[in-house]
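Enquirer: I need the structure of the sequence given here:
(chains A and B)
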Amino acid sequence: GQSLEQPSEVTAVEGAIVQINCTYQTSGFYGLSWYQQHDGGAPTFLSYNALDGLEETGRFSSFLSRSDSYGYLLLQELQMKDSASYFCAVRGSSGGSYIPTFGRGTSLIVHP
Amino acid sequence: DGGITQSPKYLFRKEGQNVTLSCEQNLNHDAMYWYRQDPGQGLRLIYYSQIVNDFQKGDIAEGYSVSREKKESFPLTVTSAQKNPTAFYLCASSPDRANTEAFFGQGTRLTVV
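Expert: Prediction:
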């Protein structure tokens, strides 16, 4: 089976830096993804890490440590529009298929 | 514009009725997925299909059924056997089995009264 743990809520102020952690347990790990979802909307893809290290995409960065079964999403220069839910998803294998399993999500609240 | 379309956005049904949620994509993606989202529970996989005419059960398939007769379409039927069907349903697709990135539709909020 697969399971992921991430904090339920994180708060920060505009302009700050925030880190959202994700730990996972899975068989046949192939990669860790991050998605953003605004209230009532569709999740949108942010990043994917298959190898250890940091991937940077603009204000967002994602890190993976496979030996620690751990990753995080780093958001810099926070803006009000970053208030949303953030999901980590692990790509594991099941009968030859690569199925993504999502965490419960972290609600990020950005204050002015 | 390419994308995934789910319809309708809001759906109300009486208890005991079957209801079918539509999901269409014009991205030419092989893989398609159905997720259910409840408050505080994240996304849970209902069914997935890696190729036309083939689909597999996910973690919470009981009370649901799907078909994949065309590459573009992956409708989900919520049957009367589903004990708690009120939820937000999300359809997604990805280019191939590797599924490094999933593209989601805008979702259908189903309310059963």
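Enquirer: near residue 7, how many other residues are there?
Expert: All of this refers to chain A. A:P7: 16 surrounding residues under other CB atoms under 10 Å in any protein chain shown. C-beta coordinates here come from the backbone N, C-alpha and C atoms, glycine included.
Enquirer: let's do chain B instead
Expert: By the criterion of other CB under 10 Å, B:S7 has 12 neighbours.
Enquirer: quick check: the residue lying closest to it once chain neighbours are set aside vs chain A, distance?
Expert: The shortest distance from B:S7 to any non-neighbouring residue, by CB to CB, 6 or more residues apart in numbering or on different chains, is to B:S22 (4.7 Å). Distance of B:S22 to chain A, given as CB to the nearest CB, to the nearest Å: 15 Å.
Enquirer: mind listing what the residue positioned nearest the centre of chain B touches?
Expert: Residue closest to the mean C-alpha point of chain B, counted by CA atoms, centre = their mean, is B:W34 at 3.0 Å. The contact partners of B:W34, taken as CB atoms under 8 Å, 6 or more residues apart in numbering or on different chains, are B:23, B:45-48, B:58, B:64, B:66, B:74, B:76, B:89-92.
Enquirer: setting aside sequence neighbours, what's the nearest residue to it?
Expert: Among residues not flanking B:W34 along the chain, B:I46 sits closest, at 4.3 Å (CB to CB, 6+ apart).
Enquirer: can you give me the neighbour number for residue 63?
Expert: Let's take chain A. Count around A:F63 with other CB under 10 Å applied: 20.
Enquirer: my question was about chain B, not that one.
Expert: Neighbours of B:G63 under the rule other CB under 10 Å: 15.
Enquirer: ok, back up a step: now the residue nearest to B:S7: which helix or strand?
Expert: strand B:19-25 (DSSP states H and E).
Enquirer: elements contacting that strand?
Expert: Here strand B:19-25 is seen to pack against strand B:4-7, strand B:10-13, strand B:31-37, strand B:76-78, strand B:87-94, strand B:108-112 when contacts are counted using 3 or more CB pairs under 8 Å, 6 or more residues apart in numbering or on different chains; DSSP states H and E.
Enquirer: residues in contact with the fourth one: which ones?
Expert: In this case it means strand B:76-78. For strand B:76-78, contacts defined as CB under 8 Å, 6+ apart pick out B:18-21, B:23, B:34, B:46-47, B:63-66, B:85, B:89, B:91, B:110.
Enquirer: got a ChimeraX select line for the buried ones in the residues you listed?
Expert: A single ChimeraX command selects the buried members of those (16 or more other CB atoms under 10 Å in any protein chain shown):
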select /B:19,21,23,34,46,47,64,65,66,85,89,91,110
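Enquirer: with respect to A:G40, which of the contacts of strand B:76-78 is nearest?
Expert: B:Y89 (12.8 Å; CB to CB).
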